[in-house]
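Peer 1: Using only what follows, build the 3D model:
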Amino acid sequence: MLWSTAYGGTVWVPGMSGSIEVNVTSYQAQRFSTIMRQQYDFSCGSAAVASLLTYHYQDPVSEQDVFSGMLELADVEKVRREGFSMLDMKRFLEHRGYVADGFRMPLKGLREQIRLPAIALVTLDGYRHFIIIKGISDQSVLVGDPARGIKEYARSVFERQWDGAAFVIRSHLAQGRSSFYQAGDWPPLAKAPFSAAEEGPGIGHSMPYWPSSREW
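Peer 2: So this is what the prediction gives:
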């Protein structure tokens, strides 16, 4: 018997000794199992921060709470014009007790030395968009996208559309590193290409280059 898993629910499978109840998780739910779907066109930043805290640092928080908290600490008029920036994220996280910074760095440094989940700014479908880098392998980057869910991209494709800035939590290192995915334990995912874009949220301040000598 064949059935679709596009929608979640309970499926009864007939068997020789009766029927078996099987809980089916929809593909849509699987895609957003460890990334929060952004509620508004302009809220990818707050959804990314909420997802980072909830799924990588065991600090559950809603997108709405992050949105409100970031807005309280930000330049409201600038947010209305440009959306949230990495500087707004930094202020919010520090207010919550974390040490967080953004750096420009290569994927190699993020994978081999820092080894932490990171919020990154990419160009996607005509807009600049915040996502979470959840893991990196030799050929691929595992991404949590607040608009599209969990996706895997070829490194060469990702690097063309990434501006090189990565925002990481520098405190709680053991917790962060334990949630950074390694090759081999990634779920099977559909590949979807990035496309060119120029508009949308920004970094918000001058981004220093990654200090490769820093102890992480």
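Peer 1: Quickly find the element holding the residue most central in space within the chain.
Peer 2: When Cα atoms, centre = their mean is applied to the chain, the residue found nearest the centroid is residue 132 (2.2 Å). Counting by DSSP states H and E, the element that carries residue 132 is strand 126-136.
Peer 1: can you pull the buried residues of that strand?
Peer 2: 127, 128, 129, 130, 131, 132, 133, 134, 135, 136 (16 or more other Cβ atoms under 10 Å). For glycine as for every other residue, the C-beta is placed from the backbone atoms N, C-alpha and C.
Peer 1: Quick one: the helices in the protein, in order.
Peer 2: Counting by DSSP state H, residue ranges of the helices within the chain are 27-31, 44-51, 63-73, 76-82, 86-95, 107-109, 155-161, 173-178.
Peer 1: mind putting the ones you listed in TSV, mean neighbour count and distance to residue 144 included?
Peer 2: Listed next are these as TSV, based on neighbours: other Cβ atoms under 10 Å; distance: least, Cβ to Cβ, whole Å:
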stretch	mean neighbour count	distance to residue 144
helix 27-31	15	10
helix 44-51	28	6
helix 63-73	18	13
helix 76-82	12	23
helix 86-95	21	15
helix 107-109	15	16
helix 155-161	16	13
helix 173-178	14	14
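Peer 1: could you dump those helices to a markdown table with mean pLDDT and distance to residue 57?
Peer 2: As requested, the helices of the chain are exported to a markdown table (pLDDT from 0 to 100; distance: least, Cβ to Cβ, whole Å):
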| stretch | mean pLDDT | distance to residue 57 |
| --- | --- | --- |
| helix 27-31 | 72 | 21 |
| helix 44-51 | 96 | 10 |
| helix 63-73 | 94 | 13 |
| helix 76-82 | 84 | 24 |
| helix 86-95 | 95 | 10 |
| helix 107-109 | 94 | 21 |
| helix 155-161 | 93 | 23 |
| helix 173-178 | 95 | 5 |
